[in-house]
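Participant: Mind looking at a prediction? Sequence and model below.
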Amino acid sequence: MSLVALQRIIKTAVNSLWRNSWLSIASTLIMIITLIVISVFVSLTIITNKVTDALKDRIDMAAYIDDKVTQDQLFTLQKVVSARTDVLSVTYISKEEALKRWQDRNSDNQKIRDVITAQNNPLPRSLEIKTKNPEDLENIAKMLESQEYAPLIKELSYKKNKDMINRLIRITDFIKTMGWSLSVVFILISILVIYNTIRLTIFARSEEIEIMKLVGATDWYIRGPFIAEGIAYGVLATVIASLVIYVAFKLLMPWAQNYLGGFDLGTGYLGVSFIMVVLLQLGVSILLGVGCSVFAVKRHLK
């Protein structure tokens, strides 16, 4: 394609965008909303996945020992658990260490802190068990709940941790389902709006297109302005959506980081370069714009 033809195509596209300004604004706005919706739900999915993985790495099981159990029985149990191939470490927590942790945890609330003292310490001894994989905790829990070891155990923290992880996984799955569902809905709306915008532009220029065909214009030359319009929608929508997402990310990320208790959400945009995010949005939006334009023009040219 010659430079002159390219200039004419761009000029025709600009004129068409100006003449149909309200339709162009509507198409761009729908595409902006689509990009923002997709980005928001992808971001939420990334955050919940990171938090879930971090919790899985931190998760362990505390086996609280009955006060009637002797030290010899307790250390024998510790050796048995430590000998398992799926166990990384077993840490003994004495009543004194449990009291110190209680006081550190409630250092800001003196009334709660003083409820338990060295003279009145009902906190049990415990074994903190760390496994190679969080899934291995279930096997250890079954062993400790067996008839042989159950009399030694007052309580296991595994069930509480398991429920928390399962709840997070359900939240992640819900966010994924809702995110993809809404993204598909907005993509379909974008396709319909952009497609109909291009179709209206084609009908408005139907006589011009017919004359161009009669004088020998190629199909690609006729498609050119409409494809340029689709690209324009995509570029403009990407610029605006990226600015909105960037500002929102900068404003909300410190709050999210603080709310999540210091979980590492990665550098840049949740571990991804923001430039990559912009390029992905640009690719999606241009694909939508160009695809709708090509399909709309193809039907008219037939």
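Facilitator: Sure thing, it's come through. Numbering: from 1, shown residues only.

Participant: ranges for the helices of this protein?
Facilitator: Along the chain, counting by DSSP state H, helices occupy 3-19, 21-58, 71-82, 95-105, 110-113, 137-144, 158-204, 206-214, 219-259, 274-301.

Participant: Is it correct that V81 is in contact with L88?
Facilitator: No - counting by C-beta atoms under 8 Å, V81 does not reach L88; the two are 11.0 Å apart. Backbone N, C-alpha and C define where each C-beta goes, glycine included.

Participant: Those two: which has the busier surroundings?
Facilitator: V81 (19 against 13; other C-beta atoms under 10 Å).

Participant: Let me have the helices of the chain in TSV, adding mean pLDDT as columns.
Facilitator: As requested, the helices of the chain are exported to TSV (pLDDT from 0 to 100):
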stretch	mean pLDDT
helix 3-19	70
helix 21-58	76
helix 71-82	91
helix 95-105	84
helix 110-113	71
helix 137-144	85
helix 158-204	74
helix 206-214	72
helix 219-259	82
helix 274-301	80
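
Participant: Let's have the ones you listed in a markdown table, adding distance to N121.
Facilitator: As requested, those are exported to a markdown table (distance: least, C-beta to C-beta, whole Å):
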| stretch | distance to N121 |
| --- | --- |
| helix 3-19 | 76 |
| helix 21-58 | 27 |
| helix 71-82 | 16 |
| helix 95-105 | 5 |
| helix 110-113 | 13 |
| helix 137-144 | 24 |
| helix 158-204 | 22 |
| helix 206-214 | 88 |
| helix 219-259 | 34 |
| helix 274-301 | 52 |
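
Participant: Out of those, which is closest to S126?
Facilitator: S126 sits nearest to helix 95-105 of all the helices of the chain, at 6.9 Å, using C-beta to C-beta.

Participant: Break the protein into its domains for me.
Facilitator: Domain assignment for the chain by automatic domain parsing gives 3-56+165-301, 60-158.

Participant: Packed most tightly, which of the ones you listed would that be?
Facilitator: Most buried of those, by mean neighbour count (mean count of other C-beta atoms under 10 Å): domain 3-56+165-301, with a mean of 16.

Participant: Could you check how far it is from the centre of its chain?
Facilitator: On the basis of C-alpha atoms, centre = their mean, to the nearest Å, domain 3-56+165-301 sits 18 Å off its chain's mean C-alpha point.

Participant: what residues are up against V37?
Facilitator: By C-beta atoms under 8 Å, 6 or more residues apart in numbering, the residues touching V37 are G179, L182, S183, F186.

Participant: Isn't M178 up against F41?
Facilitator: Yes - at 6.9 Å, M178 counts as touching F41 under the criterion of C-beta under 8 Å.

Participant: So which of the contacts of V37 is the closest to T70?
Facilitator: Among the contacts of V37, and counting by C-beta to C-beta, the member closest to T70 is G179, at 54.6 Å.

Participant: so how far is I36 from that closest one?
Facilitator: Applying C-beta to C-beta, to the nearest Å, the value for G179 to I36 is 12 Å.

Participant: Overlap of the contact sets of the two?
Facilitator: Counting by C-beta under 8 Å, 6+ apart, G179 and I36 have no contacts in common.

Participant: How about I38: what's its closest non-neighbour residue?
Facilitator: Leaving aside its sequence neighbours, I38 sits nearest to S183 (C-beta to C-beta, 6 or more residues apart in numbering; 4.6 Å).

Participant: list the contacts for the one you found?
Facilitator: If you count contacts by C-beta under 8 Å, 6+ apart, S183 has them with T34, V37, I38, F41.

Participant: Then S24?
Facilitator: By C-beta under 8 Å, 6+ apart, the contact set of S24 is L17, T197, E229, A232, Y233.

Participant: try it again with 10 Å
Facilitator: By C-beta atoms under 10 Å, 6 or more residues apart in numbering, the residues touching S24 are S16, L17, W18, I194, T197, T201, E229, A232, Y233, L236.

Participant: Equivalent analysis for A237, please.
Facilitator: Applying C-beta under 10 Å, 6+ apart, we find A237 in contact with 27-36, 190, 281-282, 284-286, 288-289.

Participant: Dump the contacts of S24 to a markdown table, plus distance to D104.
Facilitator: Output for those, formatted as a markdown table (distance: C-beta to C-beta, whole Å):
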| residue | distance to D104 |
| --- | --- |
| S16 | 68 |
| L17 | 64 |
| W18 | 67 |
| I194 | 59 |
| T197 | 63 |
| T201 | 69 |
| E229 | 64 |
| A232 | 60 |
| Y233 | 57 |
| L236 | 55 |
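
Participant: Report the two of those separated the most.
Facilitator: Using C-beta to C-beta, those span at most 17.2 Å, a distance reached by W18 and I194.

Participant: T76 against T70, yeah?
Facilitator: Yes - counting by C-beta atoms under 10 Å, T76 does reach T70; the two are 9.4 Å apart.

Participant: Thank you kindly, that will do.
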